[in-house]
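S.K.: generate coordinates for the sequence data below:
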Amino acid sequence: MDERLVNASNALSAVEEYLDILTQKPIEELTATLPPIDKAKVQVGLAYSINALLYVLLKAQGVSSKDIRTTQIKQELDRVKGYIQKIKYSEEMAKGRKARIDAEAAGRFINHALSSDQVYTDAVEARANDEKEAPKAEAAKKESKKQKAVPAKSKPAKRARK
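M.R.: Predicted coordinates:
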């Protein structure tokens, strides 16, 4: 039993040290330089810590777990756990987004980088023109073959008037 009390006392001392750091300055000042996800982590961590400490205090005072105060604290802890899950989900989604490559953007980037080479640019333009003109040329070729295949009708000779 003595060992458990010593461990509890040490844990409470560590909590006091952390709370002293947090009470020295306003929370806005402490989190001013943090990115939004880290600010959310700090705020959720504080909410969870405060509620957990209140729950421990009530239990140490012998308050029943069926008491309205403890049930409200448990509900609040569950709500904060939900926010913790949302933060974890957001982090996972952010990691997933970073791993994906936008192929169109990569293509534009490469073309732009290579477009400084005039030979490459001219070749790309020539190819694009050939691709645009190829269907038209093919259609014109087919049309001329059709016209050659069909004999032209001769017009009857005009009679001379007397």
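
S.K.: which regions of the protein sit below the pLDDT cut-off?
M.R.: 1, 97-100, 112-121, 146-162 (pLDDT under 70).

S.K.: for it, which segments count as helices?
M.R.: Counting by DSSP state H, one finds helices in the chain at the ranges 2-24, 27-30, 36-60, 68-99, 103-114, 118-149.

S.K.: how far is the fourth one from where the chain is centred?
M.R.: Offset of helix 68-99 from its chain centre (Cα atoms, centre = their mean, to the nearest Å): 19 Å.

S.K.: can you check the fifth one too?
M.R.: Computed by Cα atoms, centre = their mean, the separation of helix 103-114 from the middle of its chain amounts to 21 Å.

S.K.: rewinding a little: winner for burial among the helices of the chain?
M.R.: Highest mean neighbour count among the helices of the chain (mean count of other Cβ atoms under 10 Å): helix 36-60, with a mean of 15. Any C-beta I mention is one placed from the backbone N, CA and C, and that applies to glycine too.

S.K.: ok, so what distance separates the residue lying closest to residue 73 once chain neighbours are set aside from residue 143?
M.R.: The spatial neighbour of residue 73 that comes closest, neighbours along the chain excluded (Cβ to Cβ, 6 or more residues apart in numbering), is residue 55 at 4.7 Å. Distance, residue 55 to residue 143, by Cβ to Cβ, to the nearest Å: 88 Å.

S.K.: domain ranges for this protein?
M.R.: Domain segmentation of the chain under automatic domain parsing yields 31-99, 103-142.

S.K.: just so I know, which of those domains lies nearest residue 23?
M.R.: Proximity to residue 23 (Cβ to Cβ) singles out domain 31-99 among the domains of the chain, at 11.0 Å.

S.K.: would you list the domains of the chain in CSV and tack on distance to residue 14?
M.R.: Conversion of the domains of the chain to CSV gives the following (distance: least, Cβ to Cβ, whole Å):
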stretch, distance to residue 14
domain 31-99, 12
domain 103-142, 48
